[in-house]
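Colleague: build me a model from this:
(chains A and B)
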Amino acid sequence: DQQVKQNSPSLSVQEGRISILNCDYTNSMFDYFLWYKKYPAEGPTFLISISSIKDKNEDGRFTVFLNKSAKHLSLHIVPSQPGDSAVYFCAAPGGTSYGKLTFGQGTILTVHP
Amino acid sequence: NAGVMQNPRHLVRRRGQEARLRCSPVKGHSHVYWYRQLPEEGLKFMVYLQKENIIDESGMPKERFSAEFPKEGPSILRIQQVVRGDSAAYFCASSPQGSTEAFFGQGTRLTVV
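Modeller: Okay, the predicted model is just below:
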């Protein structure tokens, strides 16, 4: 039962262009969402989050959009940089703690110089 | 200000041996979470602990796996009688009371041969 889904295993973009990473969820009880970035052989690092009372949250080059009716969120990175190349996970907390996260499968982003 | 520290980073065990993974949370963090990432998959929640208490172990396999977070010392994830299917990256995360963000360690990569 995959409650958080990232249907694109990989995305390749040119440096300076926009990267759009998508995430769908099925559990309507989720009210908070996070994006994590992960480099090889390292742990995930927090990138940006959004509460279900908002439809947009922006932090520098990173913007997350939430469409509750569609149960869909997206992460926009603009302009993309080669250092953004990593695996991106969307996640939602639920149950006993905000630290109990349900992760998507991840999207490998490659930004070409 | 050290982050979440996990050791060892890499662990090789023969089938049937025990694996013991350690996690020292960020200083002052009272909540610890363990996750497992199988190859080509996202992170899956295993267990949530507070000092001397298991709060939620809904993601833990019923047999061979156990976790503890003693009053003193690191949290330990123990896998008894390891099998090849236990080969994965195991991540620990910690958070302070009431936080919406969990901080991850670099993970322990367990290989069962």
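
Colleague: can you pull the contacts of A:R17?
Modeller: A:78-80 (Cβ atoms under 8 Å, 6 or more residues apart in numbering or on different chains). Bear in mind the C-beta positions are built from the backbone N, C-alpha and C, glycine included.

Colleague: my bad, B:H29
Modeller: Counting by Cβ under 8 Å, 6+ apart, B:H29 has contacts B:94-96, B:103.

Colleague: in the chain, which spans are strands?
Modeller: All of this refers to chain A. A:4-5, A:10-14, A:19-25, A:32-38, A:45-51, A:56-59, A:62-67, A:72-77, A:86-93, A:101-103, A:107-112 (DSSP state E).

Colleague: try chain B instead
Modeller: Using DSSP E, strands in chain B cover B:5-7, B:10-13, B:19-24, B:31-37, B:43-50, B:53-56, B:65-68, B:75-79, B:88-95, B:103-104, B:108-112.

Colleague: out of the ones you listed, which is closest to A:E42?
Modeller: Comparing those against A:E42 with Cβ to Cβ, the closest turns out to be strand B:103-104 (8.6 Å).

Colleague: pull up the pairing partners for the closest one, direction included.
Modeller: Neighbouring strands of strand B:103-104 in its sheet, by DSSP bridges, are strand B:88-95 (antiparallel).

Colleague: pull the residues that contact the partner strand.
Modeller: So strand B:88-95 is contacted by A:43-44, A:97-99, B:4, B:6, B:21, B:23, B:25-26, B:29, B:31-39, B:43, B:75, B:77, B:101-105, B:107-110 (Cβ under 8 Å, 6+ apart).

Colleague: same check, this time on stretch A:52-71
Modeller: A:24-26, A:28, A:30-33, A:35, A:47-51, A:72-79, A:81.

Colleague: of the residues you listed, list those near chain B.
Modeller: A:32, A:49 (Cβ under 8 Å from any Cβ of the partner chain).

Colleague: does B:R22 touch B:Q6 like I think?
Modeller: Yes. Assessed by Cβ atoms under 8 Å, B:R22 is found in contact with B:Q6 at 6.7 Å.
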